[in-house]
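Peer 1: Turn this into a structure:
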Amino acid sequence: MNYIVKVAILLYLCLEIIINQDIPYQQFLILLVIIAVNIFKERYFASVYLTIVTLLLTCAAVTMDFRFSILFALCSYDFMLKRIYVGVGVTVFSMIYLLRLSDLLQTNLLIVLISSLLAFVIRYGKEERERFKQTVDNERRLRYELEDTKAKLLHSSKEVANIAEVRERNRIAQEIHDSIGHSIAGILFQLQAAYKLHSRDQGKSLLMIEKSIEGLAKSVELLRDTVHNIKPKQHLGIDYIKNIIDHFGFCPVEFKLSGDINTIPASHLELLSTNLKEALTNASRYSHATKMYVQIEITDQYTRLYIKDNGVGCKTIKDGLGLSGMRERVRNVGGSLSISASAGFLIVCLIPKQEGSGIFEGSNR
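Peer 2: Sure thing, here's the model as predicted:
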């Protein structure tokens, strides 16, 4: 755009001089120098000092010929692009002083103002583009940081799950070893001793076998008690979700399930149940609903929890501890939570599937 404006001004001056065919060589030389300075300025060294040189050459040329006053528009254009408003003022003052007795004053003053306004618009548009580019770059950088944080959170979640699994295995192994291992080892020693005594003292051998049988029966009973204590009180799976809904007495809840819930990781099922409890609690407090609808959709790629009531809803949604906790839990596993309150209250929780076992995987081992 700069080239177009400057070429237009210089071309206008050159045509006017060529038409009259009466330019002395001194003025022609100044015109060539001004053109050379502006070409050098645009291509190699965009300095305000070259604009000042152009202004001085223009003043010198105007003292010889008022037609060169059109070049003041060139100077004011460059000063405005650089935000040098003092330079614009000096340019206008110089033109008014040199053309105070000329009929070209009003016309060229209008051209200077138009060129200054054009430079302002061009500069403003360029600054807006730069700000937009910076905003886009910042948004891209933040998105990359968010993706990196998401990956770290997913990795940390898997590590925590693995650590919890290892700790639970160690706890179970230690408990079985302490409560049953010693008893079984003692029974094995008794049976070995009874086998060796069988040929020499059958009575004592039978007595040891009877004691071993009693000890083994106690060990089996102890094993049952240990397994019963290890087994969780609440059962995972569809019954776990239905139990939450069945105990919700505020209003009827229609529940629909699509997909195999046994493929959901235990951590995801616990997250869904916690969010479901929170949503039902909020509905009982604020919704004034008479019916709710809950749907869980399970695919190979994601798990989707859909909760909708026919209550009053609200105009603006303010995240309290409940909603913010739901968002945080879903965000930590790389999912998303959407909320709408335009017609009743709607919560949609979407969790991507993680590679790994479902809640019942490995049960046949």
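Peer 1: And the helices in the stretch 251-365 of the chain, which stretches?
Peer 2: Using DSSP state H, counting those that start in this stretch, the helices assigned to the stretch 251-365 of the chain run over residues 266-282, 321-332.
Peer 1: Export those as a markdown table, with columns for mean pLDDT and distance to residue 83.
Peer 2: For glycine as for every other residue, the C-beta is placed from the backbone atoms N, C-alpha and C. Converted to a markdown table, the helices of the stretch 251-365 of the chain look like this (pLDDT from 0 to 100; distance: least, Cβ to Cβ, whole Å):
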| stretch | mean pLDDT | distance to residue 83 |
| --- | --- | --- |
| helix 266-282 | 86 | 54 |
| helix 321-332 | 84 | 44 |
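Peer 1: Tell me which of these sits most buried.
Peer 2: Looking across the helices of the stretch 251-365 of the chain with neighbours counted as mean count of other Cβ atoms under 10 Å, the highest average goes to helix 266-282: a mean of 19.
Peer 1: which residues sit against that one?
Peer 2: Residues outside helix 266-282 that contact it (Cβ atoms under 8 Å, 6 or more residues apart in numbering): 157, 161, 236-237, 240-241, 244-245, 248, 250, 253, 261, 264, 292, 294, 296, 303, 305, 307, 322-323, 325-326, 329-330, 333, 345, 347, 349, 351, 354, 359.
Peer 1: related to what we said a few turns ago, so which of the helices of the stretch 251-365 of the chain comes closest to residue 51?
Peer 2: Judged by Cβ to Cβ, the one of these that comes nearest to residue 51 is helix 321-332, at 54.4 Å.
Peer 1: Give me the helices and strands touching the closest one, please.
Peer 2: Under the contact criterion of 3 or more Cβ pairs under 8 Å, 6 or more residues apart in numbering; DSSP states H and E, helix 321-332 touches helix 104-176, helix 266-282, strand 336-340, strand 345-352.
Peer 1: Now tabulate those in TSV and tack on distance to residue 86.
Peer 2: Formatted as TSV, these follow (distance: least, Cβ to Cβ, whole Å):
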stretch	distance to residue 86
helix 104-176	13
helix 266-282	63
strand 336-340	55
strand 345-352	59
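Peer 1: still on that earlier bit, just put the helices of the stretch 251-365 of the chain in JSON lines and tack on distance to residue 221.
Peer 2: Below are the helices of the stretch 251-365 of the chain laid out as JSON lines (distance: least, Cβ to Cβ, whole Å):
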{"stretch": "helix 266-282", "distance to residue 221": "29"}
{"stretch": "helix 321-332", "distance to residue 221": "41"}
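Peer 1: For residue 164, see how far away residue 63 is.
Peer 2: 90 Å (Cβ to Cβ, to the nearest Å).
Peer 1: what do you get for residue 320?
Peer 2: For residue 320, the distance to residue 164 - Cβ to Cβ - is 29 Å.
Peer 1: higher neighbour count, those two?
Peer 2: Shown here are residue 320 and residue 164; by other Cβ atoms under 10 Å, residue 164 has more neighbours (12 against 9).
Peer 1: Give me the pLDDT value at the more buried one.
Peer 2: Per-residue pLDDT puts residue 164 at 76.
Peer 1: cool, and residue 361?
Peer 2: pLDDT, residue 361: 42.
Peer 1: switch to numbering from 10
Peer 2: I'll keep to 10 as the first residue from here, and by that count the last item is residue 370.
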